[in-house]
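> Kindly return the folded structure for what I paste below:
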Amino acid sequence: MNDFIQIANNDNVLVAIRTLKAGSTIELDGNSFQLKDEIPVAHKFALKKIEKGEEVVKYGAPIGVATATIEQGEHVHVHNTKTGLSGTSNYSFNQKLNTISHPNKSLTFNGFKRSNGKVGIRNELWIVPTVGCVNGQAEQIIKLFKQSHDADDIDGIEVFKHNYGCSQLGDDHSNTQKALAQLITHPNAGAVLVLGLGCENNQISDQKKLLGEYDEKRIKFLVAQEVEDEIEVGLNLLQELYEEMRYDQREACPLSALNVGLKCGGSDGFSGITANPLLGTFSDFLIAQGGTTILTEVPEMFGAEHLLMERAANTEVFEKTVSLINGFKEYYLKHDLPVYENPSPGNKNGGITTLEDKSLGCTQKGGTATVVDVLQYAEPIKEKGLNLLAAPGNDLVASSALGFSGCQLVLFTTGRGTPFGSFIPTMKISTNTILSVRKKHWIDFNAGGLVEDQAMDNLLEDFVDFIIEVASGKKLKHEETGFKEISIFKTGITL
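Residues are numbered from 1 along each chain as shown. Now for the predicted structure:
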């Protein structure tokens, strides 16, 4: 096994598989040279001399421009490379569709079939506040309920606190209502108590209108200002809901019933080499089974968006993708903020240099399948296959958004590690083996073997088996520790 990897034949940089000392000899295709610098693990170094102003190429595409002449064997990073991106862009539709080669294996998982035709992978009892003012009351109801119930016959009892539902205008108010509507009707919940205050902008009567048809035995409402003791009434309603959903049983469901979100965070130089390609291969596999995946983190598509646009199913989807990309760029520009501020300090420490570098690795989570639709924030899935979703890169906001659009599970790749979890199971997949060993209480699955001579086909088989286990009830690390939250996307002012 080499100490480095060349991702594409036309790359002019190599990636270190382990920390390499200055003076080390690099041999590739019969040629050899010595490193001029120490190269940290997952960082890049020049395969050949790169002139000032010349493009730095990784993944077979430009990841930036050299700001100084870079000699062969020299460290390539933020000190001598900058982004080549600026402003919004004009795009043309040059469709290049791929054929997915994965066979349909007729695999199943054990899930919960809901009366509206949806399938959940958890059977949980939730309280959803319509406004942040009643977060404390919701927590108290849950606390008292747990004190008198073991409730080991369901998968969990949760309250999903947030700070919104009042003093919001325009898109923010609408986004909160849409997000909560999708949360309330999510199939991972066997039953939900919706708790309001009474004077908030997001009135329960308005929130109900966004739910569509719902099971009145499974979703109940309480306005705190309309009763004398909201804790007592809330406990009684929670008991009714518990009795309604506690006998739900798992049944065999086809993989086509899975909607899986694709997300990365705390990325490093291995993200686009190991974990993200694994997710892309899984995405293609699941779509071949008739399932659905969603790719989001729109700002982390910048620089690689053309690769997604080429795979648009038709002109309409292409135009929606263009609007998605330029719309997010305009969002930054409207606030006089730089469009290309990414990557983060942790990304840079891990070997990611520019936004193009990050994006070309990030979008690999979407595999090679055709993009069938582009969803607005909190818009539910309408088309089977690979979807794009309007949401930012922030881990909790984006993971929550994936759940709001109907994903029952999020696959979350990371090279730096994170303990968080969204309201749906959030599987942490490490890009490197060291992280999976050091943070075994955070990481659920290790993709680092892909730079240790493990074959993708073998790893995919293990990964699919693990996902089926999780969809059938196996708890992830963040579920075991109780880290489950939501975060709603806010774009405007607060009254």
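> wait, G272 sits on G361?
Yes: between G272 and G361 there is a contact at 2.3 Å, judged by Cβ atoms under 8 Å. Yep, even glycine has a C-beta here, placed from its N, CA and C like the rest.
> which neighbours do those two share?
Y59 (Cβ atoms under 8 Å, 6 or more residues apart in numbering).
> tell me the domain ranges of this structure?
4-82, 124-247, 253-481 (automatic domain parsing).
> okay, how far is it across the shortest one, tip to tip?
I take that to be domain 4-82. 23 Å (Cα to Cα, to the nearest Å).
> ok, now the second one?
The separation between the terminal residues of domain 124-247, taken as Cα to Cα, is 12 Å.
> Give me the mean pLDDT for that domain.
Predicted confidence along domain 124-247 averages 97 (mean pLDDT).
> got a list of what Q140 touches?
Residues in contact with Q140 (Cβ under 8 Å, 6+ apart) are I231.
> How far does the lengthiest helix in the chain sit from its chain's centre?
Identified as the longest helix of the chain according to DSSP state H is helix 315-334. The chain centroid and the centroid of helix 315-334 are separated by 19 Å, computed with Cα atoms, centre = their mean, to the nearest Å.
> buried ones in the following helix or strand past that helix?
Past helix 315-334, further along toward the C-terminus, the next helix or strand under DSSP states H and E is helix 345-349. Across helix 345-349, burial judged by 16 or more other Cβ atoms under 10 Å covers G346, N347, K348, N349.
> Low-confidence regions, the stretch 301-450 of the chain specifically.
By pLDDT under 70, the low-scoring segments of the stretch 301-450 of the chain are 341-342.
> in it, which spans are strands?
Per DSSP state E, counting those that start in this stretch, the stretch 301-450 of the chain carries strands over the ranges 371-375, 386-389, 409-414, 426-430, 445-446.
> okay if I get those strands as TSV plus mean neighbour count and distance to G327?
Formatted as TSV, the strands of the stretch 301-450 of the chain follow (neighbours: other Cβ atoms under 10 Å; distance: least, Cβ to Cβ, whole Å):
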stretch	mean neighbour count	distance to G327
strand 371-375	23	10
strand 386-389	26	12
strand 409-414	28	23
strand 426-430	28	26
strand 445-446	22	34
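> between the ones you listed, which one is nearest to E297?
Evaluated with Cβ to Cβ, the strands of the stretch 301-450 of the chain place strand 386-389 nearest to E297, the distance being 8.9 Å.
> Sheet partners, orientation included, of the closest one?
Its sheet considered, strand 386-389 pairs with strand 292-295 (parallel), strand 371-375 (parallel) by DSSP bridges.
> Can you give the contact residues for it?
With Cβ under 8 Å, 6+ apart, strand 386-389 has contacts from 283, 287, 292-296, 298, 308, 311, 321, 324, 366-367, 369-375, 377, 379, 381, 401-402, 405.
> sorry, back to before: for the strands of the stretch 301-450 of the chain, which one sits closest to E251?
E251 lies closest, by Cβ to Cβ, to one member of these: strand 409-414, at 17.5 Å.
> what helices or strands is the closest one leaning on?
strand 259-264, helix 275-288, helix 395-404, strand 426-430, helix 456-471 (3 or more Cβ pairs under 8 Å, 6 or more residues apart in numbering; DSSP states H and E).
> and N201, which of these is closest to it?
For these, proximity to N201 was assessed by Cβ to Cβ; helix 395-404 is nearest, at 19.3 Å.
> Can you verify my assumption that V131 contacts Q168?
No: using Cβ under 8 Å, V131 makes no contact with Q168, being 10.0 Å away.
> Compare neighbour counts for those two and give me the winner.
The residue with more neighbours, out of V131 and Q168, is V131; 26 against 22, by other Cβ atoms under 10 Å.
> Pull out the buried residues from the longest helix of the chain.
V317, F318, K320, T321, V322, L324, I325, N326, F328, K329, Y331.
> Might you report the residue contacts of the residue lying closest to the first one once chain neighbours are set aside?
In this structure, V317 finds its nearest non-sequential neighbour in V371, 5.8 Å apart by Cβ to Cβ, 6 or more residues apart in numbering. Listed by Cβ under 8 Å, 6+ apart, the contact set of V371 reads L308, R311, A312, A313, V317, T321, G385, L386, N387, L388.
> so V371 bridges to which residues?
Bridge pairing for V371 - DSSP bridges - gives A312, L386.
> Distance-wise, check it relative to E305.
Distance, V371 to E305, using Cβ to Cβ, to the nearest Å: 11 Å.
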